[in-house]
Each structure stands twice: as structure tokens, then as C-alpha cells.
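> no sequence on hand, only this structure:
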């Protein structure tokens, strides 16, 4: 919440170089409560992240406190609106409700996406993965809307395309929603690679999250791998293999990061 900002607050709005980016009047009261609770000597408390898209195009995302209480897990509770500024014109990125987690540059623009949970927990309950493409000419694409997908998780990012996993953690919301593994292209098109791995308990766990089958990765040949206990399945080729514990230990013995439980 601290640090030098590119933007500034004045008269109920956030400004950049004389341009109003966001009217924050609806956040004024919770902001006052936040400042009083945490003894902050500021007119308005907020944080910002700036993403450079092109010579005359940027995205600015804000963290605006909505409660004076700090969440013991996630810290400041707040909203995360983001705006696109292109040639002096300001556009709100519609549908965004979480902070951007990562990005990928391209000659044509930038991918921006939020963290996507693969299990329901107190820590990640609101982490519904959202993916945006922002072109240098100011064109934006919300791929959750394009795909009619609730959760989108990025598995691989390179230039103008992403390999993603589409799913829904809640059965009641999943009917008619896109699911599976897909290539997304910056021009708004997409292609299906394969379906999600079927759950052994489709009634209570339709997305296979209960079986941990959302634990997917991409190998060097861009094949989609799903790990379930000691079984690794390549969904792209249909091949599957069980790795014994001693084999896994041998594979990771020189890995300074991965490691193996109990080694």
C-alpha cells in the first residue's frame, strides 16, 4: 500500500497526467475506516500496479481497501479494478475481480491473468482465474467471456498464445460452461486440445478436483501431463505410466527445488 505511485488521488478520483482514471467515491467510507484503524496519515489509501503495453498504451490496476480488518491469510481486503489508458482514452476492464498474477509480453501486446485455484479453500475461495489480452492498439479481449468459462488456468505462455485449463470447481455453476485444455490466440480464436480427465466421483467432483486431476503440467513437447498420486498421464498421446517411489526419488535427487517427501 506504500511506495511511489504513478497516479494520484484528488477530489474523489484517481488521476494520471491530468486524466481521470477512476471515480472512487464508493470506496471513500471503507477507506476512511481503513486509515483510522491503521493510523495512516493519508487522504486516500490505495495501491497500484502499472503494466506497459505499448508506447501509448498502459493498464493500471488498483487495490482499494473495502474493510478496516486485515485478513490473516490474504492481508488487505479490497477491490481490484483495472483501467486501460490508450491515447488519452480510459476504459475499465470489465469483469475483473482479482489482482493480476502474471503476464506475458508479445510484439503485439500483452497477456494478463489472475491466479486460478484448483481446490476450494479459505485462502483461495475467490481465486477464479481470468485471462485478458490487451493489444497495443487498445483492443482488449476477456477470454472468460469468449469461452464462457469460469476458471481459466494458464499452463504455458509464449508470445501470442496460451495453453490453458478451463474448469469449474462448483457443480451447480458448471452446466454449459467451457471445460478442457485449449490453445488461446491473441486474435480471439481458440482451439480445443483435449477434455479434462474424468473424475472417479462425477457426482460430488464433476471437475475431477476431488481426485486431484486438475494438477496438470506441460512438458517440453507441449504435451499435457496429469499427475495423480504416482501415475503420470500424457493426455496429448494417451500414454500413462506409474512411477514407483524409488524412481521418483532418483528423478528428483539432484533437484534443489522439487525434492521428494521423506528424502
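Ah, there it is. Note that this is a predicted model, so its numbers are computed, not measured.

> CA atoms for contacts and neighbours, from now on please.
Will do.

> give me the residue at the spatial middle of this structure.
The centroid of the chain falls nearest to residue 114 when counting by C-alpha atoms, centre = their mean (1.4 Å).

> per-residue confidence at it?
In this model, residue 114 is scored at 97, pLDDT.

> so it makes contact with residue 80?
No: Residue 114 lies out of contact with residue 80 (C-alpha atoms under 8 Å); the separation is 11.0 Å.

> find residues that contact each of these two.
98, 99 (C-alpha atoms under 8 Å, 6 or more residues apart in numbering).

> list the buried residues for the helix with the most length in the chain?
The longest helix of the chain (DSSP state H) is helix 28-37. Within helix 28-37, the residues scored as buried using 16 or more other C-alpha atoms under 10 Å are 28, 30, 31, 32, 33, 34, 35.

> mind listing the helices for the stretch 1-150 of the chain?
Assigned by DSSP state H, counting those that start in this stretch, the stretch 1-150 of the chain shows helices spanning 28-37, 143-147.

> how far out from the middle of the chain is the shortest one?
A distance of 14 Å separates the centroid of the chain from that of helix 143-147, by C-alpha atoms, centre = their mean, to the nearest Å.

> so which elements touch that helix?
strand 131-135 (3 or more C-alpha pairs under 8 Å, 6 or more residues apart in numbering; DSSP states H and E).

> ok, now which ones touch residue 113?
Taking C-alpha under 8 Å, 6+ apart as the test, what residue 113 contacts is 100, 101, 102, 103, 129, 130, 131, 132, 154.

> repeat the analysis, applying 6 Å as the threshold.
100, 101, 102, 130, 131 (C-alpha atoms under 6 Å, 6 or more residues apart in numbering).

> tell me which of those is nearest to residue 8?
residue 100 (20.8 Å; C-alpha to C-alpha).

> skip the chain neighbours and tell me the closest residue to that closest one.
Spatial nearest neighbour of residue 100, excluding adjacent residues (C-alpha to C-alpha, 6 or more residues apart in numbering): residue 114 at 4.4 Å.

> what sits against that neighbour?
Residue 114 is in contact with 100, 101, 129, 130, counting by C-alpha under 6 Å, 6+ apart.

> how close does it get to residue 87?
Distance of residue 114 to residue 87, computed by C-alpha to C-alpha, to the nearest Å: 26 Å.

> shouldn't residue 133 be in contact with residue 141?
Yes: if you go by C-alpha atoms under 6 Å, residue 133 and residue 141 touch, sitting 5.1 Å apart.

> so what's residue 71 bridging to?
residue 75 (DSSP bridges).

> number of residues surrounding residue 214?
Around residue 214 there are 23 other residues, counting by other C-alpha atoms under 10 Å.

> need the per-residue pLDDT for it.
79.

> shouldn't it be within a helix?
No: using DSSP: H, G, I helix; E, B strand; the rest coil, the assignment for residue 214 is coil, not a helix.

> now the strands for the stretch 101-250 of the chain?
109-114, 131-135, 140-142, 151-158, 161-167, 180-185, 190-194, 216-218, 224-228, 231-234, 239-242 (DSSP state E, counting those that start in this stretch).

> on that earlier part again, so between residue 133 and residue 141, which is more surrounded?
Set residue 133 next to residue 141 and count neighbours by other C-alpha under 10 Å: residue 133 wins out with 26 against 19.

> what sits closest to that one if chain neighbours are left out?
Using C-alpha to C-alpha, 6+ apart and skipping residues adjacent in sequence, the residue nearest residue 133 is residue 111, 4.7 Å away.

> so how far is residue 138 from the residue nearest to residue 182 when sequence neighbours are not counted?
Leaving aside its chain neighbours, residue 182 sits nearest to residue 192 (4.4 Å; criterion: C-alpha to C-alpha, 6+ apart). To residue 138, residue 192 is 27 Å away according to C-alpha to C-alpha.

> also residue 164?
23 Å.

> what's the answer for residue 10, then?
Distance, residue 10 to residue 138, by C-alpha to C-alpha: 26 Å.

> same thing with residue 162?
Counting by C-alpha to C-alpha, the gap from residue 162 to residue 138 is 20 Å.
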